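Here is my input, please return the structure:
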Amino acid sequence: MKLRRWQSIVCMLVIAQAASLSFLSAQQRTYEMKTVGKHSDEVLGVFVNAADTKFATCSLDETIKLWSLPDGKELKTLTGHLGQVNNVSFSTNGKLLASASSDRTVRIWDVESGKQKSVLNGHTAEVIGVYFSPDANSDFLASTSFDQTVKLWDTKLQSEVKTLRGHTMQANNIAYSYDGKYLASCSDDKTIKIWSTDLSSKEPIMTLTGHNAHVLTALFSFDSKYLASADQDGVIKIWKIPSGELARTINAHSDLVQDVSFAADNQTLVSASLDKTVKLWNVLTGENLMTMDAGVEVWSVDLTSNAHVIVLGCADGTVRLLTENAKPKLPKKGGK
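Numbering: from 1, shown residues only. Down below sits the predicted model:
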């Protein structure tokens with residue numbers, strides 16, 4: 001009886017330890033949230049620079065703000081747009097910032113001085129998305145608009161290079177692949193179109209279908225092997241590149257997802273929603289790594305390359321940082 005009782009105790013300890021390990025696995029990342037500043041209206045876009053030293057926000061209040069990382073100190077406010085600013089993008093070297101606005105323009109800013117360098121005119125409706133080429137030697141920029149087009153620009157020459165047509169409803173967002181080969185645009189027509197960056201090409205390489213609602217954002221992983229897209233129903237889809245095969249569907253949120261972003265490990269994805277939550281995902285397994293209630297609708301999100309800091313742009317105008325807590329350590333043998 002004593003032996004059997006001892007065996008039972010050992011078994012219970014093993015089960016308890018396994019449960020503890022399982023809990024730690026499921027709760028891989030935890031964060032603390034703080035508000036670092038505020039726009040006077042909804043924050044529509046957030047973008048972290050490649051060096052993880054600054055981020056930019058843009059707002060319905062027609063302004064852009066620059067902030068430092070990791071402390072979240074406000075550095076500058078950029079003014080000049082005549083309508084809400086929908087998106088921003090840093091150049092690869094971090095020296096320039098592009099902004100897309102409802103005033104139908106793309107504007108280029110000098111990050112160090114905060115001064116406007118140029119205004120790119122050509123879209124015939126609100127400009128929604130903007131993204132610099134990842135090639136440090138390129139001056140190219142892509143934009144999307146309610147006019148259903150994708151435009152490529154030469155920021156050095158301050159001129160339009162070409163216009164891509166194919167969407168049948170407003171084009172919501174745009175992203176370059178990090179290997180520089182592709183552009184991805186998404187639209188209210190429920191599709192994502194993949195385009196070649198070859199200037200001689202004007203037709204999409206492929207059209208990705210499967211979303212049942214307006215597709216609001218699309219973004220490539222750092223290794224350019226995956227594309228994440230998100231829609232008005234809160235669904236995220238992961239696509240394999242260059243095949244276009246659907247790898248995974250994640251029923252991520254209960255309201256629309258305006259923004260997602262990959263970490264540099266190519267498998268961690270952050271999403272934020274008007275359902276007031278921010279979530280981390282493993283795109284290879286579909287596992288939810290973290291869920292945080294922000295307490296407010298979140299329009300925009302980005303993160304540092306190691307995912308230690310997540311930046312939120314919120315509907316109440318606040319800019320918030322989620323900073324990762326130290327990971328819990330497993331107890332040593334002997335319980336110490």
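
rest of the way, CA atoms for contacts and neighbours
Will do.

Can you give the distance of stretch 93-101 from its chain's centre?
Centroid separation for stretch 93-101 versus its chain: 16 Å, with Cα atoms, centre = their mean, to the nearest Å.

Just the CA coordinates for that stretch, please, in PDB.
Only the C-alpha atoms of stretch 93-101 are listed here, as PDB (Å, rounded to 0.1, in the frame of the first residue of the first chain):
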ATOM      1  CA  ASN A  93      17.700  53.900 -44.200                       C
ATOM      2  CA  GLY A  94      15.300  55.700 -41.900                       C
ATOM      3  CA  LYS A  95      16.100  59.100 -43.300                       C
ATOM      4  CA  LEU A  96      12.800  59.700 -45.100                       C
ATOM      5  CA  LEU A  97       9.100  59.200 -44.200                       C
ATOM      6  CA  ALA A  98       6.300  59.000 -46.600                       C
ATOM      7  CA  SER A  99       2.600  59.700 -45.700                       C
ATOM      8  CA  ALA A 100      -0.600  59.000 -47.500                       C
ATOM      9  CA  SER A 101      -3.600  61.300 -47.000                       C
END
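
Could you list the residues in contact with that stretch?
Contacts of stretch 93-101 with the rest of the structure, by Cα atoms under 8 Å, 6 or more residues apart in numbering, involve 49-51, 81-91, 106-112, 126-132, 136, 143.

and if we set it to 7 Å?
With contacts defined as Cα atoms under 7 Å, 6 or more residues apart in numbering, stretch 93-101 is touched by 49-50, 81, 83-91, 106-112, 126-130, 136.

With stretch 121-134 instead?
Stretch 121-134 is contacted from outside by 86-92, 98-106, 140-147, 172-176, 178, 180, using Cα under 7 Å, 6+ apart.

please redo it, this time with the cut-off set to 8 Å
So stretch 121-134 is in contact with 86-92, 98-106, 139-147, 160, 171-180, going by Cα under 8 Å, 6+ apart.

Mark which of those are buried, thanks.
86-92, 98-106, 139-147, 160, 171-178 (16 or more other Cα atoms under 10 Å).

Show me the residues you listed that map onto strands.
Judged by DSSP state E, strands contain the following of these: 86-90, 98-101, 105-106, 140-145, 160, 171-176.

can you give me the strands for the stretch 51-200 of the chain?
Under the criterion DSSP state E, counting those that start in this stretch, the stretch 51-200 of the chain contains strands at 54-59, 64-68, 74-78, 85-90, 96-101, 105-110, 116-121, 127-132, 140-145, 149-154, 159-165, 171-176, 182-187, 192-196.

how about low-confidence regions in the protein?
1-27, 327-336 (pLDDT under 70).

Could you give me the PyMOL syntax to select whichever of the contacts of stretch 93-101 are buried?
Here is the PyMOL command that selects the buried residues among these (16+ other Cα under 10 Å):
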select buried, resi 49+50+81+83+84+85+86+87+88+89+90+91+106+107+108+109+111+126+127+128+129+130
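
Now do the contacts for the closest residue to residue 240 other than its chain neighbours.
Excluding its sequence neighbours, the residue lying closest to residue 240 (Cα to Cα, 6 or more residues apart in numbering) is residue 226, at 4.8 Å. Applying Cα under 8 Å, 6+ apart to residue 226 gives the contacts 220, 238, 239, 240, 241, 266.

Check which helices and strands the host helix or strand of the second one is in contact with.
Element membership of residue 238, judged by DSSP states H and E, is strand 235-240. Strand 235-240 is packed against strand 226-231, strand 246-251, with contacts defined by 3 or more Cα pairs under 8 Å, 6 or more residues apart in numbering; DSSP states H and E.

buried sites along it?
Those would be 235, 236, 237, 238, 239, 240, for strand 235-240 by 16+ other Cα under 10 Å.

Can you add distance to residue 40 and give those residues back as CSV?
Listed next are the buried residues of strand 235-240 as CSV, based on distance: Cα to Cα, whole Å:
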residue, distance to residue 40
235, 30
236, 30
237, 33
238, 35
239, 37
240, 40
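
re the thing from before, residue 309: which of the contacts of residue 226 is nearest?
Closest approach to residue 309 among the contacts of residue 226 (Cα to Cα): residue 266, at 16.2 Å.

Highest average neighbour count across the helices and strands packed on strand 235-240: which stretch is it?
strand 226-231 (a mean of 26; mean count of other Cα atoms under 10 Å).

and the angle from it to strand 182-187?
10 degrees (axes from the mean of the first three to the mean of the last three Cα atoms, to 10 degrees).

Given the strand holding residue 238, what are its sheet partners and their directions?
strand 226-231 (antiparallel), strand 246-251 (antiparallel) (DSSP bridges).

Distance to residue 320 added to the ones you listed, as TSV?
Shown next, in TSV, are the strands paired with strand 235-240 (distance: least, Cα to Cα, whole Å):
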stretch	distance to residue 320
strand 226-231	22
strand 246-251	25
